[in-house]
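Participant: okay, sequence plus prediction incoming.
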Protein chains: 2
Amino acid sequence: MNDVINIFKNIPDHIPEELFQEILQTENFKVERIVSGGHSSPYNEWYDQEENEWVILLKGSAELLFEEHEKVVVLGPGDYINIPSHTKHRVEWTDPDTETVWLAVYYKGVK
Amino acid sequence: MNDVINIFKNIPDHIPEELFQEILQTENFKVERIVSGGHSSPYNEWYDQEENEWVILLKGSAELLFEEHEKVVVLGPGDYINIPSHTKHRVEWTDPDTETVWLAVYYKGVK
């Protein structure tokens, strides 16, 4: 119940695909750890999510591309962004030299 | 809408009291940044919260004390813990030499 877990630990040595791991889930929202190891979204594929996503990058670095205005957003440690549902975006780049660790909160309703 | 904010920036030079700042709020949960600068909870005062709290320490270090069994939990960067509602606890210590930055998710319902 009061166990302490470290978000930077227990990362597999080899991450063939981006890793999504549930940390906390209720009927209203979900918290996940995402680990990227140089991954990016498949060419021309966009996330188009039913839920809003608030995401903070905790380690590494990344570039998100938003379809609207083809806006690129560069993220480093501590940077967070809120992505309303159905805001088409993709992970354009993540640092190939280290793990990129994200904490994401997916939620329904008005932000 | 897609603004990037860094959780480690815009911290006041002087923090007379622990700082609680809302990042995201819906009717079901709330995300806050907490900044401690060597603060601890007042002597013999306990947090006894209506809501559950999931909290991750992002910078600095801290000790939480849980009333039950007088359990002490030491937290460093990346450590997270889930604190169910009405679990009496206090912040026993935070690093006096740097800011301690936390991200807390307060939520209702079953974890």
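Facilitator: That came in fine, so what should we check first? Residues are numbered from 1 along each chain as shown, chains lettered A, B, ... in the order given.
Participant: for chain B, what's the nearest residue on chain A?
Facilitator: A:N28 (3.8 Å; CB to the nearest CB). All C-beta spots, glycine's among them, are computed from the backbone N, C-alpha and C.
Participant: which bits of chain A sit near chain B?
Facilitator: Within reach of chain B by CB under 8 Å from any CB of the partner chain, chain A has these residues: A:1-9, A:23-24, A:26-29, A:31, A:54, A:56, A:58, A:66, A:71, A:73, A:75-84, A:87, A:103, A:105, A:107-111.
Participant: A:R90 against A:Q49, yeah?
Facilitator: No - using CB atoms under 8 Å, A:R90 makes no contact with A:Q49, being 11.8 Å away.
Participant: more neighbours, these two?
Facilitator: A:R90 (19 against 15; other CB atoms under 10 Å in any protein chain shown).
Participant: downstream neighbour of the helix or strand hosting that one in the secondary structure list?
Facilitator: Element membership of A:R90 [criterion: DSSP states H and E] is strand A:89-94. Downstream of strand A:89-94, the next assigned helix or strand under DSSP H and E is strand A:100-107.
Participant: and that following strand, what's its mean pLDDT?
Facilitator: Mean pLDDT, strand A:100-107: 97.
Participant: can you list the weak-confidence ranges in chain A?
Facilitator: Chain A contains residues with pLDDT under 70 at A:1-2, A:110-111.
Participant: apply 80 and report the result again.
Facilitator: A:1-2, A:109-111 (pLDDT under 80).
Participant: ok, which stretches of it are strands?
Facilitator: A:5-6, A:19-25, A:29-36, A:52-59, A:62-66, A:71-75, A:79-83, A:89-94, A:100-107 (DSSP state E).
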